[in-house]
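A.B. asks: Okay, sequence plus prediction incoming.
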Amino acid sequence: MKGYPGNRAVRYGLLAAAGLALWLLLAGPGRVLGLDPDQVGMALLVATAWIALYFVRHAPRDERGQTASPGEWRAWIGVGFMAVAVAYFLTRLDLFTGPEGMGSAHARAVARNLVMLGIAWAVLGQVLAARWRGQVQEDERDREIARRAGHWGYGALGFCVIALAVTLGFSPAHRLQWASHFLLANLLVLVLMLGWLCEYAATAVYYWRDRR
């Protein structure tokens, strides 16, 4: 296995693993070999992202594609990872707004998994950035795309925070029965992930437009 994009077996294997992780997180069975399917899916998703980025890091330039840089591959993998994390939270939203609310063991498990997904991705990005430092060449195009995409990420993050603050500040109290501190804490984690998702999506789009 010389590289992720250039090796069909690796590519299809990672796609299959990502699809299995998505199924476990969004629509999996009650138990998988006696384990919580959410935790299995989360671990599989993190492992898939790690392996994909590892092969992008070690693949020769010609196996990555003549025009695709490591930054672009990271962006596409980040889009997939964050999209799954956001979808996972949205499909479990009823657990946070239901009658049990914070008292639900399922809601606490989802919250824990959501936080762990965010932490795992942040750590993964930092570790790979450290390993790639001095080995991956970035030109002016890469730096300019990163700068412009960062503005989109910060903008999305700021917009979501302001929207949440306005909703809480200007809504009558009787219409905020859903806004438990438990739900708000998890909404802030969701906002952070949406900011990352927007930044990665903008990065991928900028690279795609640049090639065209």
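C.D. replies: Alright, I've got the coordinates. On a predicted model such as this, the values are computed, not experimentally measured, just so you know.

A.B. asks: where does the chain have its least confident helix or strand?
C.D. replies: Taking mean pLDDT, DSSP states H and E as the measure, the chain has helix 61-64 as its least confident helix or strand, at a mean of 49.

A.B. asks: My guess is Ala75 contacts Tyr200. True?
C.D. replies: Yes. If you go by Cβ atoms under 8 Å, Ala75 and Tyr200 touch, sitting 4.8 Å apart. For every residue, glycine as well, the C-beta is placed using N, CA and C.

A.B. asks: what touches both of the two?
C.D. replies: Here Ala75 and Tyr200 have Ala149 as joint contacts, going by Cβ atoms under 8 Å, 6 or more residues apart in numbering.

A.B. asks: List the buried residues of the helix or strand hosting Gln39.
C.D. replies: Taking DSSP states H and E as the definition, Gln39 sits inside helix 37-58. Within helix 37-58, the residues that qualify as buried are 37-46, 48-49, 51-53, 55-57, counting by 16 or more other Cβ atoms under 10 Å.

A.B. asks: Over to stretch 174-183?
C.D. replies: Judged by neighbour count using 16+ other Cβ under 10 Å, the buried positions of stretch 174-183 are 179, 182-183.

A.B. asks: could I get the residues you listed as JSON lines with pLDDT?
C.D. replies: Below are the buried residues of stretch 174-183 laid out as JSON lines (pLDDT from 0 to 100):
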{"residue": "Ala179", "pLDDT": "76"}
{"residue": "Phe182", "pLDDT": "81"}
{"residue": "Leu183", "pLDDT": "82"}
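
A.B. asks: Please narrow those to those residing in helices.
C.D. replies: 182-183 (DSSP state H).

A.B. asks: Identify all contacting residues around stretch 188-199.
C.D. replies: Contact with stretch 188-199 is made by 78-79, 82-83, 85-86, 89, 111, 114-115, 117-118, 121, 149-150, 152-157, 160-161, 164, as judged by Cβ under 8 Å, 6+ apart.

A.B. asks: Next, work out how far apart the residue minimising distance to the centre of the chain and Glu199 are.
C.D. replies: Nearest to the mean C-alpha position of the chain, counting by Cα atoms, centre = their mean, stands Met82 at 1.8 Å. Met82 sits 9 Å away from Glu199, taking Cβ to Cβ, to the nearest Å as the criterion.

A.B. asks: for Met116, same thing?
C.D. replies: For Met116, the distance to Glu199 - Cβ to Cβ - is 21 Å.

A.B. asks: out of those two, which sits in the busier spot?
C.D. replies: The neighbour comparison of Met116 against Glu199 (other Cβ atoms under 10 Å) goes to Glu199, with 25 against 14.

A.B. asks: And the helices in the protein?
C.D. replies: 8-27, 37-58, 61-64, 70-91, 93-97, 105-132, 140-170, 181-211.

A.B. asks: which one of those has the lowest average pLDDT?
C.D. replies: Comparing mean pLDDT across the helices of the chain, the weakest is helix 61-64, with a mean of 49.

A.B. asks: and Leu197, how many residues sit next to it?
C.D. replies: Neighbours of Leu197 (other Cβ under 10 Å): 20.
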